[in-house]
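> here's my sequence, what's the structure:
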Amino acid sequence: MVKITSVERGSRADRQGIKAGDILLKINNNAINDVLDYRFYLTERMIVLTLSREGEEYEVTIKKGEYDDIGLDFETPLMDEKHSCKNKCIFCFIDQNPEGLRESLYFKDDDSRLSFIHGNYVTLTNMTQSDVDRIIKMRMSPINISVHTTNPDLRVKMMKNKHSGEVLKYLNDFAEAGLSMCGQIVLCKGVNDGEELMRSMRDLATLYPAMSSVAIVPAGLTKFREKLYPLTDFNAEEASAVLDMINSFGDEHKKAHGTRLFYAADEFYLKSGREIPDADYYEDYPQLENGVGMLRSCSDEFGMALEDVRDFVKETGEERHISVVTGTASYPMIKEQIARLNALCPSLSVNIYEIINNFFGTSITVSGLLTGKDIYDQLKDKPLGEELLIPQNCLRHGEDVFLCGMTVPELSEKLRVPVRAAGSDGYELCEAILGRTI
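Predicted structure coming up:
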């Protein structure tokens, strides 16, 4: 039962007399509680909608194409409130946020519906068997699952939720139903690494091919961990040992099944001082959004752009002086690629600034967690040229707001230079630096 907030003029719903304020109760006699119900039952070519207006029920019948919309809008994209997380994970990044950030940054979601809509990872602890049955019935996949460990007792300890071990059974339910899953393991030193990591990889490998890929990422630890579970970062030797374990297991799995299944995040390579693998290691980059292969992908895309730049250079000799900021993790790669670009474009001058994350702590090295405050503090006395490029992923999705609350226009005004967000795609970054399409 959901409230309709608006009806598109001229749409099928509008022509049938449905109005804003009406309550949608059912489609083809199936109760509608949220967006999953709505989208699933809307695919029928002939639909009977049961609605309510001022307490009186009525029905309308609509004929439509299988995937056609009918013109209804609702209060929220989910047509329901987001489900908040019931866990108290020992590594939770939100628990490590400082005070004074915008309220939305303290909300922990653990909503399976957002897994399908936005690719969010869920822990399964918010799910009941009826939720699982509905997902299977609707054939909703892939399902992105934060596993962390397959040891039920250890999972309870890590997530501080008494149900977090027993819900691991849902992995088998999804696999037996033929649904696809993507897994994630946030690795905490001395907790779920070593033999526990090996156990988790063995267990998850038995779910292949339903379990299509698993990312292993180090826990992000900010400087705001007072009164939280004592965790420390992996040092170079420890990160190297983690890589050896993951890659050895992945090599064996690839030999047997044609895919390595388990992938280490770029951060483990940076911590260990090892070279980022070639593109072949990452296959089709199934865990790119988890920071697995992001540096390799960006580097190769930038390299492809450089090939096109060779022809572009012949057409222009315009001088351009700009600045680019990046996090500590990607700084060496960005510096190397821009040096190659400068060699092709002598009239191009680029200042590359590595921004240290003082806001969250220096152990946080990814560009996606840079703040406007740190960028301003570290660039306020630096030469910036005619434009400053910042990473797109350090802004709130679809907006121009940093995690610290500063906006892009505010940063631009404070630094007295135009500030523009550039995508993480290497080709897009190259074009942004050049200031034109290649």
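> following the helix or strand bottoming out on mean pLDDT in the chain, which helix or strand comes up?
Least confident helix or strand, the chain: helix 112-118 with a mean of 63, by mean pLDDT, DSSP states H and E. Sequence-wise, the next helix or strand downstream of helix 112-118 (DSSP states H and E) is helix 129-138.
> buried sites along the following helix or strand past that following helix?
Downstream of helix 129-138, the next assigned helix or strand under DSSP H and E is strand 143-146. Under the neighbour-count criterion of 16 or more other Cβ atoms under 10 Å, strand 143-146 has 143, 144, 145, 146 buried. Using the backbone N, CA and C atoms, a C-beta is placed for each residue, glycine as well.
> ditto for stretch 264-279
Buried-residue list, stretch 264-279, by 16+ other Cβ under 10 Å: 264, 265, 266, 267, 268, 269, 270, 271, 272, 276, 277.
> quick one: contacts of that stretch?
Stretch 264-279 is contacted from outside by 215-218, 233-237, 239-240, 242-243, 246-247, 290-297, 299-300, 329, 333, 365-366, using Cβ atoms under 8 Å, 6 or more residues apart in numbering.
> and those, which of them are buried?
215-218, 234, 239-240, 242-243, 246-247, 290-297, 299, 329, 333, 365-366.
> so where's the stretch 251-400 of the chain uncertain?
When residues are selected by pLDDT under 70, those of the stretch 251-400 of the chain lie in 311-317.
> now the helices for it?
Under the criterion DSSP state H, counting those that start in this stretch, helices of the stretch 251-400 of the chain are mapped to 266-272, 294-313, 331-344, 372-379.
> may I have the last one as PDB, with CA atoms only?
So the one you mean is helix 372-379. Output of helix 372-379 as PDB, limited to C-alpha atoms (Å, rounded to 0.1, in the frame of the first residue of the first chain):
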ATOM      1  CA  GLY A 372      36.800  20.000   0.200                       C
ATOM      2  CA  LYS A 373      38.400  21.100   3.500                       C
ATOM      3  CA  ASP A 374      41.600  19.100   2.900                       C
ATOM      4  CA  ILE A 375      41.800  20.300  -0.700                       C
ATOM      5  CA  TYR A 376      41.400  23.900   0.300                       C
ATOM      6  CA  ASP A 377      43.900  23.700   3.200                       C
ATOM      7  CA  GLN A 378      46.600  22.100   1.100                       C
ATOM      8  CA  LEU A 379      46.100  24.200  -2.100                       C
END
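> and it, what does it pack onto?
Applying 3 or more Cβ pairs under 8 Å, 6 or more residues apart in numbering; DSSP states H and E, we find helix 372-379 packed against strand 320-327, strand 348-355, helix 408-415.
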